[in-house]
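A.B. asks: Could you work out the structure for the sequence below:
(chains A, B, C and D, ligands or ions: 4)
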Amino acid sequence: AVALLAGCASDTGTNTGTDSGAGGGTDGDLSITFIPKQLNNPYTDVVLGGGEAGAEEAGFAATEVVGPLEASASSQVSFINAETQAGTSVIVIAANDPDAVGPALEEARAAGAKIVAFDSDTNPKYRDVFISQVVAKDVALIQVELIAEQIGGSGEIAILSATANATNQNEWIKFMEEELAANPAYKDITLVAKVYGDDDDTKSFQEAQGLMQAYPNLKGIISPTTVGIAATARYLSTSEYKGKVALTGLGLPNEMRPFVKDETVTAFALWDPAQLGYVAAFAGKALADGDMTGAEGDTFEAGELGEREVGADGIVIVGPPTVFDAANIDEYDF
Amino acid sequence: MSEPSSPITRSSPLPPADKISSLDTRLIDTTKTLTTEPKGRTGAARILLGRDAIMIYLLLAFVLYASIAIPRFASPVTVGFLLLDVIPVLLIAMPMTLVIITGEIDLSVASIAGLTSALMGVLWASGLDIGLVLAISLFAGVVAGAFNGFLIAVVGLPSLAVTIGTLALYRGLALVVIGDNAVANFPPGLTAFFTSKIGGTGIPTVMIGVVAVALFFGVLLHLTPFGRGLYAIGFSKEAATFVGIRVARAKFWLYVGTGSVSALAGIYWTLRYSSARSDNASGLELTVIAAVLLGGVSIFGGKGSIPGVIAGVLLIGTINFSLRLERISDVVLIIVTGSLLIASVVAPSVFEALQRWRHGRRMHKTLPQVPASGATSATAPGVQERK
Amino acid sequence: MTADDGPPEPRLTLSGAVKAFGPVVALADGNIEILPGEIHALVGENGAGKSTLVKILAGLYRLDAGEFQVDGQPVSFRTVADSKAAGISVIYQEPTLFPDLTVAENIFIGRQPKGRLGLISRAAMRTAARDLFDQLGVRIDPNRVAEGLSIADQQIIEIAKAISLDAKVLVMDEPTAALSGVEVERLFQVARNLRTQGAGILFISHRFDEVFALCDRITVMRDGRYIATHVTSMVTVDAIVHEMVGRDVGALFPKEVAPVGDTVLSVQGLGRAGVFADVTFEVKAGEVVALAGLVGAGRTEVARAVFGIDPYDRGTVEFAGTLLKPHSPKAAIDAGMGFVPEDRRKQGLVMDLSVGRNTALTLRDRVARFGIINGRAERAAAAEWGRRLQVKTTSQEYAVSTLSGGNQQKVVLAKWLATDPKFLIVDEPTRGIDVGTKSEVHRLISDLANRGIAILMISSELPEVLGMADRVLVMHEGRITAELSRAEATPESIMHAATASLERTQ
Amino acid sequence: MTTAPTRPPGKAERIASAAPSRLGAFLRLRELPVTVALIALVIITTVVNPLFLSPQGVKDLLLNATIVIILAVGQALVIITRNVDLSVGSILGLVAFGTGTLFATVPGIPIVVVFLAGMLLGALLGAINGLLVTVAKVPALVITLGTLYIYRGLNNAWAGGTQYFAGDRPDAFGSLSVDTVLGFPLITLIAVVVVVIVAVYLAGTRPGRDLYAIGSDPDAAKLFGIPVSRRVFLAFLTNGVLAGLAGVLYASRFNSVGATTGSGLELAVVAAAVVGGVAIFGGSGSVVGAAMGALLLTTITSALTALRVDKFWQEAIVGVLILSAIIIDRIASVRSARKLRISEARNV
Ligand SMILES: Nc1ncnc2c1ncn2[C@@H]1O[C@H](COP(=O)(O)OP(=O)(O)OP(=O)(O)O)[C@@H](O)[C@H]1O
Ligand SMILES: Nc1ncnc2c1ncn2[C@@H]1O[C@H](COP(=O)(O)OP(=O)(O)OP(=O)(O)O)[C@@H](O)[C@H]1O
Ligand SMILES: [Mg+2]
Ligand SMILES: [Mg+2]
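C.D. replies: Numbering: from 1, shown residues only, chains lettered A, B, ... in the order given. Ligands and ions are numbered 1, 2, ... in the order given. Reported below is the predicted structural model:
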C-alpha cells in the first residue's frame, strides 16, 4: 500500500472525496481473483499491490492472484477456467488479447462471476466494466505533446510499442497518429516507423537500436510501454545517440530514475498503477453485491479514492496521467 | 581339463523331429552356454509392467489423488476444461510420436499451427467461405509438412537442423501473412462448437475428432506393416533399407502427417480462442516433445507407443490443471515438468543398474569357482555366505 | 629371442575368468597365458567367448570372478586407459574408427605428437602415419577422413594404430576377417617382427591356415570355457576342430549338384560411375554362382545395385523375365529376392530389436490382413523359422544383439528364407563364423539350391568359392574379368583373373 | 618418443602428391559459406545504408553478437560431442539475475568477484547437466529440455516480480559494454578471447581432439579408451561456465534482468552453431564457425532493419538462412564424397 499512498499524494486534484464506506454488506464469502497479463513484471506487481489492498478494504473474504508467466494471447484462458470452476465471485483481468479470453469469460459469467477488465480491455461484450488508467486519448496526447516539446516541434519520430496486438497500445497509437495528422502544431513532425519490442527487454533494446540505424534523421522515440521505454533509454544512454535523440512515453519512475538523472530522458508520463488495481477491486465488489450493473451512469464508492462513475461502454476512468521529470521524480516510489 | 557339468549350463533341446524341415535334418548343434535364467516376461506381464503401463498407472494414481485431495477436482467441468487445454498438445503428439520413433524430430509444429492460424485469419477477413478457409489452411499445413519431409527424407538433411530452420521460417511467414493484426470475428456457431461439450459429460465435442486422430496414429504405428517399419528405421536405417522398407518415403509421409495435424491444431487453437494471430501456439513444440518423451518414446528412436504418449500428455495436463485449481504458481508446474522429464529417463537407467548389480551378486553366489585361483579377489566372502 | 634362462615370465595371465551379461554367461572359465616373444592363437566357435576375453584384457569389461596378472602383478583394470598404460594394445573385432577424423588422427588419437607450444603437430602426425603405412606396405592417404573407407582399409588402419603403440602385448581379434591374401601376408610379417622384438601377441581367427602359419601356441575355447593349450607344431587341425566343437566335423563344403533350371536373374551392362562398369551375368534356378575377387573389387556394390539399395547409371536387371525397378529393394523383395549383407550388425539386423521381430521383419506385409498385422501369426512365423535354423536363444523376445555372431547370421538367413525367395544374394555368408556354424551355413545354401533357389554368393575365401560354386564370376576393379565353370575354377585361375589380367575368358 | 614410428623417415614424401592442395583445403573449410554470406550481407547493407558501418553501427553489431557468440562457442563444444544443451537460455537468465542480485545486495562488490561468481553458478548448472547426461547415460536432449524447465522455474521462483535495472549496477560494470578499445567494445573482446582459447583447445590439444572422436563415434571412443564421460562432462561444464559468463555480460549490456531473461534463446544458439558449420550429429565443425554463425544471425536482424525490410519478413528470412546453411553444407559434402568415390576408384 506504500505505492498506493505515494500515488495518491501525487494525484493532486483528482480525489473527489474520501468516503471510506467499503462496498455492500459484510457477507464474507465473496472472493476476487486478479489475472494480470503476466506475472513477474514490475509494473504488474504495482498494479496488483493496489488491487490486493483494495480487495481487502472492499471486504472480499479471499483475494487471489494467478496468471501466466508469459503474456501470450491464449495463456490466460486456463486460469479463467480454473477460476470458473472454483466459483470465484469476481474476476479482474488485464486481457492479453481482447477476444481470445472471450469464450472463457462468458463461461465464467454463466457460472455467476462478475468480470472486471483493467489495464487492457477485453472485447466489451465479455466484461461488466473496464477500469481504464486514464482516458485513452489523454494518454496519447500527453505523449505527443512531450515528444513535440523535446524535439522542438519538428523532425522524424518513431514509436516502439509492446506486442503488436496489445489493445491499449494500439488504441493510443491510433490517437497519436490522428493527433499528429490533425493538429497543425505538429505538422512538421513525421511518424516514420512503428516497431514492437514485445515487452521483452532484449527485443525492445534491439528494436531501438535498429531504429537508429534505419532512420539516421530520427529525432525522437515514443515508447508507450514501461519495458520498451526503459530498454530504449538503456540503449540511448550507452550509445552516441544519448542527448541527440529524445525519448518519452510511459515508464515507471523507479526504472527511469537513472536515465532522467543522466539526462537521457527529460520527461515521461504514467498514471499511478496501484490505483488501477484498487479501483478495480471496488468495482468488482459493487458488481458482486448487485449495487451496480456496469451500465453507463452507474456509480460506486472506490474506498479512499471516492465515488467513481461508469462512463460510456462501461469504462471507468481512474485519473489523469502524471508527467515525471528531474524535478519531481524523486517524490515517487513505484 | 575335465568337463564339469555345471549347474547353470544346459544344452538346448533339439527341435522335435516332426518340426524339422528337410533342409536342416543334418544341422549340427552348436549349443551355447545358456543359463536356466527365467525367460523373458510373457506377453501379459510385459504389457502390464511395461513402460506405457507405468505411465498409465501414474496418471491414474495422480487423478485419484487429485480427486480426493483437491476440492472441486472430481467433476465433469474439470474434464471439459482439462481436455480443451490439452487437445493441441495431444493432437500434435500423435504424429510426433511416430516421427521420434523413426529417430527424427520436428520442431516446426508450433510454427505450422501459427501459420495456419494466421492464414485462417487473413482468408476469413478477406471474405472467403469458412469451409474454403478451413480447407486452404489445412492444405497449407500439408504443404509445410511436405516441405520439411522433402528436405529431410529426400535431400537427406538432419531433421533437428532443418526444423529449427522451418520453425523460424513458418513463424516468419505467419507474421508476413497477418502481420500485427488479429482476426476475431469467426462465425459464432463454429467457435461455440469448438468449446461445446457432449451432453453432461463435460467432454468437449471436438474430442471425437481428436480420438479419431489418436486411433488413426495408434493403429498405424502398432498394427500395420508401415508401423513395424518405423521401429526398424528408428533402430537402423540401413538394416531397414535391406528388408525393403522405403525409408525416405515413410519419413516424408510422417512429416506430411505432423504438418497436417499441426494445421488441425492451429485451426482448433484459432477457433477455440476465436483469435487468429501470428504468435498463436508459439513455444508449443517443446511442450509437445516433453510430453512425448515423458510418454516413454526414446529420443534415439525405435522405442515408444501411442498409449504411453497419451498418458504422458494427460499426466502433464492433469498436473497443470490441478495446480491451477489450487492456485499454485506455474513456476511449480515448470519445475515439475522438467523433473518428471528427467526422472522418466533417469529412472529406467537407475533401475537397470540396480538389476545389473543384483544379478552380479547372484552370479557370484551361483557360479562354480575355479579351484585354487578362482575364488580369490573378486568374490567377497560375505556375498557367498548369504545364500 | 631365446628362452635360455628357463621359462620366461608370462607377459599376461588370465585364469578362471568369469563374465556374464544378464542371463548369458559369456565366459565361464577363461584362461590364457601369453609369453613374451610368442604369437598365441585363441580359437573357438562363434560365441565361445573369445571377444569377451579380449574385452576383459582391454579393460573394457571387469571380471565377475577370476584372476588377472600382468608381468606377474595382479591387476584390476577399471578403464581401457589402464590397460593401455599396462602396455596392452587391442584390435577389436569390430573396427573402431572415427569417421569424421582423418586417417592420421585416427591412428594417433589420444597421443598425437606435440609440436611447439605443446600443441598437436599435424605435420608430424602425417609423417608418422605415412611411415606406418610404408611399414605395412599399403597406400592410404593419411589426410583423408575415415568416412567411406572400405572395411579392409579400416582394418588396416586398426592394425597400424595397434602396432604404433609399441605394446608389450598386442591382442588382435579377427584382424584378417576382411583382408585379402597379400595384406594378410604383410600383417604376418609385421607380427613376426614384433615377436622378434619381444612382444607377446594374441591372435584370434577362424581361419586355420593362418593360425597354423603364424602362431606358436594355440588355446582352444568352447562354450565360454578353456579347453586346452597346444604347441602348434605338435597338433593337427582335426584335433583342434574336435576340441572346438566337442565332436567330429564332416566335410566342410558339401555342395551337391542340383538340377539347373531357368534363368532367374539376368544382369545386362550394369554400370555406376567410379564403382563398376559393364557388368553382365545371369543366375539360374538351383545354381550357386560365386562372385569372387579381391576385397574392394566392387562385388558388394554390384550386389547392392542389383538388389536396389544403390542406384545405377546404366544397364538393366531382369528378374524372372521382367525388368526390375531400379533403386527399390521393395520391388526386388516383392519379386522374390533376398539379400544377406556382409555387415551383419549394421545392415543385416536391427540389433536392438528382438530376435522374433527381426525374423519377421521381412514378413510385415504377409502377416497382415486388411493392412493390420496379426501378431500371433507374426510370432508363430518367427518362432518357426528360428527353430528350423536352430537359432540358439532362450527367448524370441531377447534383443538380437545378445546373440553370438554365428547365431546372428542364422537369424539373417531365417529372415530371408521365411520369404520363400526365388533368388538369394549372400555376401560373405561365413565371415567371422566358426567351423561348426560355417558348415551349417554351407549345407543350408546347398540345400536351398537343391530346392531350386538361385544363389549369388560373394566370398573372399577361395576354398568356400571352390567348394560351393557351380560357376564362378571373378571381378577386378569394378569389371567382371572371368567366368569359370566349376571344372575350370582353380585357385590359380581365379587369382589370375582377380589380380591383374584383363583378358576376358569368354 | 613413444609415438615415433620405427621406420627411418624419408619415405613419407612418396605419396606427398596425394596431399590436397592448399586452395582445395581452403575451399572445403566448413566455415567458408557462413563467412562469405556474412561478408556479402555486410557489403550489400552498407551500400544501401552507409550508416550500417558507422562506428556506432559496428559497435552495435559487435555488441549484439557478443552474447550469442559466447553461447554458440559453448554450444559448439557440446554439439561436437554429439550432445546438445537446450538449457543455456535458462542458465543465462539465472546468472543474469544473480548478477543483478549481487550488485543490489552487496554494494561495492568488486566486478571481478561478480564475474567469478556468475561463472561459478554457470559451472554448477552446467555440471548438473553434465552429471545427469554422463552418469545416468541418458540423451542430452531430454535432460537439458528438463533442466531448461527446471532452471527457468528456479529463476521465476527466485526473482518473482523483482527486476534489477542498469541503475542498480555500478557504472564501471555497465561501461564494459559501452567503452571500446580500437572500436571493439570490451565485452566483445572478452568474447574474442573466449573464441581463441576454445578454438586452440579444440584444434590443438589431445582432450580437444577427443571431443571430436567422441562425437564421431561414441562407442568406438569408449572401446578406444577415451574417457568419454569425463570429456563430455567437461564440455557441459565449460558450456555452463560460458553461459554464466554470457549471463554476467547480459547484465552489463541490457537494462533489466528478471524472471524471463534469456528465455527462448536456446534454439537461436543451436541455429547459430549449425549455420556456422557445426554438424548437429557431432564430430565436425569449429567454434570459429559457430561464432561466425552467431555473428551472421545477429547481423542479419540488424541488416534487415537497416535496409528497412519489413519487420514481418525478418524471421522468415532468418529461417531461409538457416536452411540455406544446411543445404550448402550438404551439397559440399555430397560433392566431396562423389569426388572421393571416383578418385579412389582410379587408385585401385
Ligand atoms: N554385451 C553383451 N550382452 C549380452 N551377451 C553378450 C554380450 N557380449 C557377448 N555376449 C554373449 O556372450 C557370448 C560370447 O560372445 P563373444 O563375442 O565373446 O564370442 P566370440 O567367441 O568372440 O564369437 P565370434 O567368433 O562370433 O566373434 C555369446 O553368446 C554372446 O551372445
Ligand atoms: N558401407 C560402405 N560405405 C561407403 N563405402 C563403401 C561401403 N562399403 C564399401 N564401400 C566402398 O565401395 C568400394 C568397393 O568395395 P566393396 O565392399 O563393394 O568391395 P567387394 O568387392 O565387395 O569387397 P568385400 O565385400 O570383400 O569387402 C570400396 O572402395 C569401398 O570404399
Ligand atoms: Mg568375437
Ligand atoms: Mg563386399
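A.B. asks: Alongside chain D, which residues does the stretch 151-300 of chain B contribute?
C.D. replies: In this structure, the stretch 151-300 of chain B approaches chain D at residues B:151, B:155-158, B:160-162, B:164-173, B:175-176, B:179-180, B:283, B:286, B:289-290, B:293, B:298-300, judged by CB under 8 Å from any CB of the partner chain. No exception for glycine: its C-beta is placed from N, CA and C like everyone else's.
A.B. asks: how close does residue A:272 sit to residue A:47?
C.D. replies: 10 Å (CB to CB, to the nearest Å).
A.B. asks: Report the contact partners of residue B:150.
C.D. replies: residue B:252 (CB atoms under 8 Å, 6 or more residues apart in numbering or on different chains).
A.B. asks: Kindly provide the distance from it to ligand 2.
C.D. replies: Residue B:150 sits 25 Å away from ligand 2 when distances are taken as CB to the nearest ligand atom, to the nearest Å.
A.B. asks: cool, residue B:98 as well?
C.D. replies: Using CB to the nearest ligand atom, one gets 28 Å for the distance from residue B:98 to ligand 2.
A.B. asks: Quickly find the element holding that residue.
C.D. replies: Taking DSSP states H and E as the criterion, the element that holds residue B:98 is helix B:76-101.
A.B. asks: That helix close to chain C?
C.D. replies: No. Helix B:76-101 does not reach chain C (CB under 8 Å from any CB); its nearest approach is 12.4 Å.
A.B. asks: For residue C:222, give the beta-bridge partners.
C.D. replies: residue C:225 (DSSP bridges).
A.B. asks: Could I get the contacting residues of it?
C.D. replies: C:44-45, C:48, C:243-246.
A.B. asks: Give the next helix or strand downstream of the least confident helix or strand in chain A by mean pLDDT.
C.D. replies: In chain A, no helix or strand scores lower on mean pLDDT, DSSP states H and E than helix A:2-10, which sits at a mean of 37. Per DSSP H and E, the first helix or strand lying C-terminal to helix A:2-10 is strand A:31-35.
A.B. asks: Give me the mean pLDDT for that next one.
C.D. replies: Strand A:31-35 comes out with an average pLDDT of 93.
A.B. asks: what does stretch C:10-26 give?
C.D. replies: Averaging pLDDT along stretch C:10-26 gives 85.
A.B. asks: Could you tell me the end-to-end distance of that stretch?
C.D. replies: End-to-end distance of stretch C:10-26 (CA to CA, to the nearest Å): 25 Å.
A.B. asks: Could you do stretch C:328-341 as well?
C.D. replies: From its first residue to its last, stretch C:328-341 covers 16 Å (CA to CA).
A.B. asks: And it, what's buried?
C.D. replies: C:328-333, C:335-341 (16 or more other CB atoms under 10 Å in any protein chain shown).
A.B. asks: The closest residue to ligand 3 within the stretch 201-348 of chain D and residue C:82: what is the separation?
C.D. replies: Closest residue of the stretch 201-348 of chain D to ligand 3, CB to the ion: residue D:223 (13.2 Å). Computed as CB to CB, the residue D:223 to residue C:82 distance reads 14 Å.
A.B. asks: Quick one: name the residues of the stretch 51-200 of chain C near ligand 3.
C.D. replies: Contacts of the stretch 51-200 of chain C with ligand 3, taken as CB under 5 Å from the ion, map to C:51, C:93.
A.B. asks: hang on, the earlier thing: show only the entries of the buried residues of stretch C:328-341 found in strands.
C.D. replies: Mapping the buried residues of stretch C:328-341 onto strands (DSSP state E) picks out C:337-340.
A.B. asks: from these, which two are the most distant?
C.D. replies: C:337 and C:340 (11.1 Å; CB to CB).
A.B. asks: hey, what's in contact with both of those two?
C.D. replies: Residues touching both residue C:337 and residue C:340 (CB under 8 Å, 6+ apart): C:424-425.
A.B. asks: how close does the nearest residue to residue A:186 once chain neighbours are set aside get to residue C:418?
C.D. replies: Closest residue in space to residue A:186, ignoring its immediate chain neighbours: residue A:180 at 4.9 Å, by CB to CB, 6 or more residues apart in numbering or on different chains. Distance check for residue A:180 against residue C:418: by CB to CB, it reads 80 Å.
A.B. asks: Compare the two (neighbour count), which wins?
C.D. replies: Set residue A:180 next to residue C:418 and count neighbours by other CB atoms under 10 Å in any protein chain shown: residue C:418 wins out with 22 against 19.
A.B. asks: Tell me if I'm right that the more buried one and residue C:364 touch.
C.D. replies: No. With contact defined as CB atoms under 8 Å, residue C:418 does not count as touching residue C:364 (11.1 Å).
A.B. asks: Get me the contact residues on chain A for chain D.
C.D. replies: Counting by CB under 8 Å from any CB, the residues of chain A that sit close to chain D are A:39-42, A:44-45, A:69-70, A:195-196, A:200-202, A:205-207, A:209-214, A:216, A:227, A:230-231, A:233-234, A:237-241, A:254-255, A:257-259.
A.B. asks: any idea which element the closest residue to residue D:292 other than its chain neighbours lies in?
C.D. replies: Here the nearest residue to residue D:292 in space, its sequence neighbours aside, is residue D:34; by CB to CB, 6+ apart that works out to 4.6 Å. Using DSSP H and E, the element containing residue D:34 is helix D:32-48.
A.B. asks: coming back round to it: and the residue of the stretch 201-348 of chain D closest to ligand 3, what does it touch?
C.D. replies: C:58, C:60, C:80, C:92, C:96.
A.B. asks: Going by distance to residue B:357, which of those residues wins?
C.D. replies: Checking these against residue B:357 with CB to CB, the nearest one is residue C:60 at 18.6 Å.
A.B. asks: Give me the secondary structure label for the closest one.
C.D. replies: Here residue C:60 is recorded as coil under DSSP: H, G, I helix; E, B strand; the rest coil.
A.B. asks: so how far is residue C:81 from it?
C.D. replies: Here residue C:60 is placed at a distance of 11 Å from residue C:81 (CB to CB).
A.B. asks: More neighbours: which of these two?
C.D. replies: Neighbours were counted for residue C:60 and for residue C:81 using other CB under 10 Å; residue C:60 has more, 19 against 15.
A.B. asks: Run the contact check for stretch C:30-49 versus ligand 1.
C.D. replies: Yes. Using CB under 6 Å from any ligand atom, stretch C:30-49 reaches ligand 1 at C:44, C:46-49.
A.B. asks: ok, and the closest non-adjacent residue to residue B:103?
C.D. replies: What sits nearest to residue B:103 in space, not counting adjacent residues and going by CB to CB, 6+ apart, is residue B:301, at 2.8 Å.
A.B. asks: Tell me which strands the helix or strand encompassing residue C:43 pairs with, and in which orientation.
C.D. replies: Using DSSP H and E, residue C:43 sits within strand C:39-44. For strand C:39-44, the paired strands and their directions (DSSP bridges) read strand C:200-204 (parallel), strand C:217-222 (parallel).
A.B. asks: Quick one, which of those gets closest to residue C:353.
C.D. replies: Closest among the strands paired with strand C:39-44, once you apply CB to CB, is strand C:200-204, at 28.0 Å.
A.B. asks: got the CA coordinates for that closest one in CSV?
C.D. replies: These are the backbone C-alpha positions of strand C:200-204, laid out as CSV (Å, rounded to 0.1, in the frame of the first residue of the first chain):
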residue,chain,number,x,y,z
GLY,C,200,53.5,-61.1,-26.9
ILE,C,201,50.7,-61.4,-29.4
LEU,C,202,47.3,-62.9,-29.0
PHE,C,203,45.8,-63.7,-32.4
ILE,C,204,42.2,-64.7,-33.0
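A.B. asks: next SSE after it?
C.D. replies: helix C:208-214.
A.B. asks: Do me a favour and average the pLDDT over that following helix.
C.D. replies: Helix C:208-214 shows a mean pLDDT of 88.
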